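Enquirer: turn this into a model:
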Amino acid sequence: VNQVGARLAAQTDEPAENWTFTILDTPTLTAFAQPGGYVYISRGLLALLNSEAELAAVLAHQMAHVLADHVPLQPPTPATPHRGLSEGALLDGLIGGRPEGDAPNPFSGRNTGAAPDFDLSMELAAARPGVEMLADAGYPPNSAVELLRRLQTHAGLANNLDGAGAVALLGSTGPEREEIATAIRLAADAVQTGAAPVDDGRRDFLLALQGLLYGDSPDHGLIRDGSFIHPNLHFAFDLPEGYVAEITAAEVIARGPGGAVMVLDTTDRAGSRLQSYLRDSWAPSLTRNVSSGYLYDLQAREIGGFDAASAFQPYDDETGPKVAQLVVIRTDERIYRFRNVAPAEDIAASLEMEAAVDTFRQLPLTASTRYNPYWLQIHEVRRGDSMNLFAAAMPLRDGAESRFRVLNGYDGAQVPVIGDLIKLVMEE
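Expert: Prediction:
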């Protein structure tokens with residue numbers, strides 16, 4: 001990433017030392033920039049890329065935003081970046097979405113999937129400079145177009161297999177997204193007219209991905225067989241059926257049908273009485289900026305053998321009346337907090353989420369060795385290899401061949417040929 005960033009920086013008027021490139025430890029497809037030349041890309045997006053030129057396309061677009069002063073004047077803090085990036089936001093000009101690490105307050109209406117900070121004019125303005133920087137650095141300009149196409153394919157796969165489309169395709173409307181894609185395609189066509197073919201750096205880039213963590217990190221927790229499992233903190237709980245979870249360093253967000261959402265985080269400020277903390281501190285902090293009713297059904301409980309407290313908080317946001325169940329659980333190590341939010345009339349969703357919280361349980365100390373993360377293995381295709389063989393190697397069995405194709409950029413009837421380097425997802 002630093003080498004590609006330096007190659008792009010050489011095409012700008014800013015000295016190379018004025019740019020800083022950082023890889024974020026998140027599986028979310030993410031890229032964004034901050035003032036002062038700070039450019040971020042996630043390992044999730046790195047895993048989807050298939051060449052050095054595609055990496056350059058992402059970085060160049062972010063650098064174009066910095067050079068055009070499209071990012072807000074705020075300190076460069078990786079924990080709260082300006083553009084945290086859903087996949088749909090990436091489709092909206094290779095940027096976008098909710099700040100990574102910025103815990104979404106379920107009382108703010110942000111749980112509905114609206115992506116802030118999108119500006120169509122800025123995306124259109126950055127399209128051509130980003131592609132020109134890409135070409136000036138010696139990369140194929142069409143790499144930006146290819147990347148946009150595969151991000152769209154990935155979004156469709158996520159929608160079909162994981163039910164994540166409503167989450168993944170945040171950002172602008174369809175027409176706006178197509179307008180940005182058209183601007184990038186036109187820029188690529190213009191700058192590559194008469195240009196000699198150039199190497200996209202596929203082989204070296206793929207070799208550099210060997211061993212890259214893929215998907216969830218055991219440091220933040222794993223989704224396995226419908227459960228959230230944290231092997232390092234030794235606890236787990238089951239997700240309601242049909243809920244799609246997003247894991248960050250700060251929280252777990254599980255979204256269900258009809259706008260239902262569960263948010264799990266932790267705190268060390270609960271004090272000795274959980275009921276008092278929930279009533280006097282946590283609930284008031286969540287409802288400070290919304291119209292809310294009285295907290296009700298506050299009670300002490302036991303969940304998974306641990307002391308707990310729960311209550312219900314009604315409130316209104318721009319989408320209508322909501323009810324949130326607030327749950328606090330004290331384990332031997334820390335305090336866990338669940339916020340289960342559903343439309344006021346959706347009693348079934350509230351009951352589903354309450355039942356999920358009741359599955360919270362402690363794991364044995366050996367759990368850290370039983371649950372393994374996924375990682376990328378780079379494999380050179382040999383005689384006798386086949387698409388069926390590669391699909392069978394994928395630990396995510398549902399839609400394994402489609403996942404393999406999207407990960408490696410094989411469209412339609414395309415298949416790997418002898419000598420190709422491919423990405424396989426492995427489990428330790």
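
Enquirer: ok, and the closest non-adjacent residue to Pro314?
Expert: With sequence-adjacent residues excluded and distances taken as C-beta to C-beta, 6 or more residues apart in numbering, Pro314 is closest to Gly293, at 3.9 Å. Where you see a C-beta, it was placed from the backbone N, CA and C, and this is true even at glycine.

Enquirer: can you give me the helices in the stretch 101-250 of the chain?
Expert: For the stretch 101-250 of the chain, the helices defined by DSSP state H, counting those that start in this stretch cover 120-136, 143-162, 165-168, 174-191, 202-208.

Enquirer: can you list the buried residues in the first one?
Expert: To tie it back to what came earlier, the one meant is helix 120-136. 120, 122-136 (16 or more other C-beta atoms under 10 Å).

Enquirer: repeat for the longest one
Expert: Judged by neighbour count (16+ other C-beta under 10 Å), helix 143-162 contains these buried residues: 143-148, 150-152, 154-155, 157-158, 162.

Enquirer: what is the nearest of the buried residues of helix 120-136 to Leu29?
Expert: Nearest to Leu29 out of the buried residues of helix 120-136 is Glu123 (C-beta to C-beta; 16.5 Å).

Enquirer: so the closest one makes contact with Ile180?
Expert: Yes. Using C-beta atoms under 8 Å, Glu123 is in contact with Ile180, at 4.9 Å.

Enquirer: if we can go back for a sec, confidence-wise, which of the buried residues of helix 120-136 comes last?
Expert: Across those, the smallest pLDDT goes to Leu120, namely 75.

Enquirer: any idea how far that residue lies from Gly36?
Expert: For Leu120, the distance to Gly36 equals 25 Å [C-beta to C-beta, to the nearest Å].

Enquirer: likewise for Asn388?
Expert: Per C-beta to C-beta, Asn388 is found 49 Å from Gly36.

Enquirer: got TSV for the helices of the stretch 101-250 of the chain, with distance to Arg397 too?
Expert: TSV is the format used below for the helices of the stretch 101-250 of the chain (distance: least, C-beta to C-beta, whole Å):
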stretch	distance to Arg397
helix 120-136	37
helix 143-162	11
helix 165-168	20
helix 174-191	31
helix 202-208	24
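
Enquirer: do you know which of the ones you listed lies nearest Pro395?
Expert: The nearest among the helices of the stretch 101-250 of the chain, by C-beta to C-beta, is helix 143-162 at 13.8 Å.

Enquirer: elements contacting that closest one?
Expert: helix 43-48, helix 52-67, helix 87-91, helix 120-136, helix 165-168, helix 174-191, helix 400-408 (3 or more C-beta pairs under 8 Å, 6 or more residues apart in numbering; DSSP states H and E).

Enquirer: closest one to Ala355 among those helices?
Expert: Comparing the helices and strands packed on helix 143-162 by C-beta to C-beta, helix 165-168 comes nearest, at 22.3 Å.

Enquirer: and the average pLDDT for the closest one is what?
Expert: Per-residue scores along helix 165-168 average to 34.

Enquirer: and for stretch 33-53?
Expert: pLDDT averaged over stretch 33-53 gives 93.

Enquirer: for that stretch, list every residue counted as buried.
Expert: Under 16+ other C-beta under 10 Å, the buried positions of stretch 33-53 are 33-35, 37-53.

Enquirer: next: stretch 347-364.
Expert: Those would be Ala349, Ser350, Glu352, Met353, Glu354, Ala356, Val357, Phe360, Gln362, Leu363, for stretch 347-364 by 16+ other C-beta under 10 Å.

Enquirer: repeat that for stretch 395-415.
Expert: In stretch 395-415, counting by 16+ other C-beta under 10 Å, buried: Gly399, Ala400, Ser402, Arg403, Phe404, Arg405, Val406, Leu407, Asn408, Gly409, Tyr410.

Enquirer: in the stretch 251-400 of the chain, which spans are helices?
Expert: 274-277, 283-286, 347-357, 367-370, 387-393, 400-408.

Enquirer: residues in contact with the longest one?
Expert: Outside of helix 347-357, the residues within contact range by C-beta atoms under 8 Å, 6 or more residues apart in numbering are 237-241, 243, 256-258, 260, 262, 303, 323, 325, 327, 338, 340, 342-343.

Enquirer: export that helix to PDB, keeping only CA atoms.
Expert: C-alpha atoms of helix 347-357 as PDB (Å, rounded to 0.1, in the frame of the first residue of the first chain):
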ATOM      1  CA  ILE A 347     -43.700  -7.100  18.900                       C
ATOM      2  CA  ALA A 348     -42.400 -10.200  17.300                       C
ATOM      3  CA  ALA A 349     -39.000  -8.600  16.500                       C
ATOM      4  CA  SER A 350     -38.700  -7.400  20.000                       C
ATOM      5  CA  LEU A 351     -39.300 -10.900  21.300                       C
ATOM      6  CA  GLU A 352     -36.800 -12.400  18.900                       C
ATOM      7  CA  MET A 353     -34.100 -10.000  20.000                       C
ATOM      8  CA  GLU A 354     -34.900 -10.600  23.700                       C
ATOM      9  CA  ALA A 355     -34.600 -14.300  23.200                       C
ATOM     10  CA  ALA A 356     -31.300 -13.800  21.500                       C
ATOM     11  CA  VAL A 357     -29.900 -11.800  24.500                       C
END
